[in-house]
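Here is my input; please provide its structure:
(4 chains)
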There are 2 protein chains.
Amino acid sequence: MARQAGANGETTARAIRGESLKLFARHGYDAVSMRQIASAVGVQASALYQYFPTKQQILVTLMKEHMEELLAAYTEERRDGETPRAALTRFARFHIRHHISRADAVFISYMELRALEPEGFAVVEALRKTYEGELKSILAQGAEAGEFRLEEPHVAAMAILAMLTGVNTWYRTGGRLSREKIEELYVEMVLKSVI
Amino acid sequence: MARQAGANGETTARAIRGESLKLFARHGYDAVSMRQIASAVGVQASALYQYFPTKQQILVTLMKEHMEELLAAYTEERRDGETPRAALTRFARFHIRHHISRADAVFISYMELRALEPEGFAVVEALRKTYEGELKSILAQGAEAGEFRLEEPHVAAMAILAMLTGVNTWYRTGGRLSREKIEELYVEMVLKSVI
DNA sequence: GAAAGAAATGAACATTCGTTAAATTAATCG
DNA sequence: CGATTAATTTAACGAATGTTCATTTCTTTC
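Alright, predicted model coming up:
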């Protein structure tokens, strides 16, 4: 047989993204073959090439889209004119929530950076720096306003991001603690760490 | 030719560990071939099998040895009878120092966990839990003594470990900040986050 | 200086990889 | 209904993979 009944390009394209995301997150980019992806989608490996020119492009697309979505979501979330303290609370809350609900994409996006070829890396890295910049800006403003006690906003930003993103290494849905509770605990620690 | 002048098994074994460590850290376990490792050592791929039965065993050995060394070093570092606050300071300082000086091994040890087959994973995971347990114990004691304000020692432990280990994502020797300064900044943030 | 052991080589293995090309079937549209 | 186009298959490609094995060279020991 060649083409299945009810087949539709849009559907397949979405399935490729979804299955690749899951497989890359679980086994790593290099450990996943095009045949594995195809099999998860329910198609032959060669069919993937109608949607992505290379395996590398699948990864680039996933990472780029994830970072763009993250930035867009934060842009919508942020409020101008807030105190640094309120802004940091909002950022931490947003980051935890967003990361918990997109565990696979987050995992890939900083685990598979080294699997990116130079062009793709540059794009993704730029987006990541932009997001980091949002946090740094909050911290710098807070330091200047005397609201935060921190010598090095850059180091503080790195420390906070690592701490928040780290939630994905242990959090699993259905655990003892609710998402809201975890959000609260992390926000508390973040705030205390800079005050 | 077959055997090089001055060749010595001990030397080669060490070289295999060292080069594998560097290559796995830089490109990832799956992206590194036995031929690449051999070439870095200055030997043919088949020679590696005199020292390790499989590629997987190289990874397991590296990770296991790293975790054992970490635990041994901390066991030597810790002091009984300290206040939780002093113990936490000591732990944070130790963790940063040890991780900065062994960046490659650290990177591999939590990046390549998923590349481990079940038996190796169980061993390494047990060692990791033991180390985590050290921090959890400090936090739990501090909470009980009323020295730390934290609802969930487990969450706090995860958050602190992620924060500290994250230093490896951005720290490079020869940067603007000295190792000592970074140590100090992180210790400060950690302490504040639980008080 | 010959024998025994250690250290490494070179060639080969079956398998898998990403990718391409031509052929085939299903949906769409005149 | 017939032609076109979109979606997918089957088959094949060369290259690379982890690993094995017989062989060769160097070192050590007697």
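
Same question for stretch A:100-107: list its buried residues.
Residues of stretch A:100-107 classed as buried by neighbour count (16 or more other Cβ atoms under 10 Å in any protein chain shown): A:I100, A:R102, A:A103, A:D104, A:A105, A:V106, A:F107. Heads up, the C-betas are built off the backbone N, CA and C, glycines and all.

got the contact list for the most centrally placed residue in chain A?
For chain A, A:V106 is the residue whose C-alpha lies nearest the centre (Cα atoms, centre = their mean; 3.2 Å). For A:V106, the residues meeting the contact criterion (Cβ atoms under 8 Å, 6 or more residues apart in numbering or on different chains) are A:H66, A:H99, A:T165, A:N168.

What score does it have for pLDDT?
The per-residue pLDDT reported for A:V106 equals 92.

Relative to A:H66, how far out is it?
Using Cβ to Cβ, to the nearest Å, one gets 7 Å for the distance from A:V106 to A:H66.

same question, A:R85
Between A:R85 and A:H66 the distance, using Cβ to Cβ, works out to 29 Å.

What about whatever residue of chain A ends up closest to DNA strand D, how many residues nearby?
With Cβ to the nearest atom of the strand as the measure, A:G9 is the residue of chain A nearest to DNA strand D, at 2.2 Å. By the criterion of other Cβ atoms under 10 Å in any protein chain shown, A:G9 has 9 neighbours.

From what I see, A:T130 and A:L71 are in contact.
Yes: in this structure, A:T130 is within contact of A:L71 by Cβ atoms under 8 Å, at 6.2 Å.

What ranges in chain A fall below the confidence cut-off?
Segments of chain A classed as low confidence (criterion: pLDDT under 70) are A:1-7.

again, 80 this time
Along chain A, segments meeting pLDDT under 80 span A:1-9.

Those residues of it touching chain B, which are they?
Counting by Cβ under 8 Å from any Cβ of the partner chain, the residues of chain A close to chain B are A:26-28, A:30-31, A:110-111, A:114-115, A:151-152, A:155-156, A:158-163, A:165-167, A:169-170, A:177, A:182, A:185-186, A:189-190, A:192-195.

among the residues you listed, which ones are buried?
Judged by neighbour count, with buriedness set by 16+ other Cβ under 10 Å, the buried members of the residues of chain A next to chain B are A:28, A:30-31, A:110-111, A:114-115, A:152, A:155-156, A:158-163, A:165-167, A:170, A:182, A:185-186, A:189-190, A:192-194.
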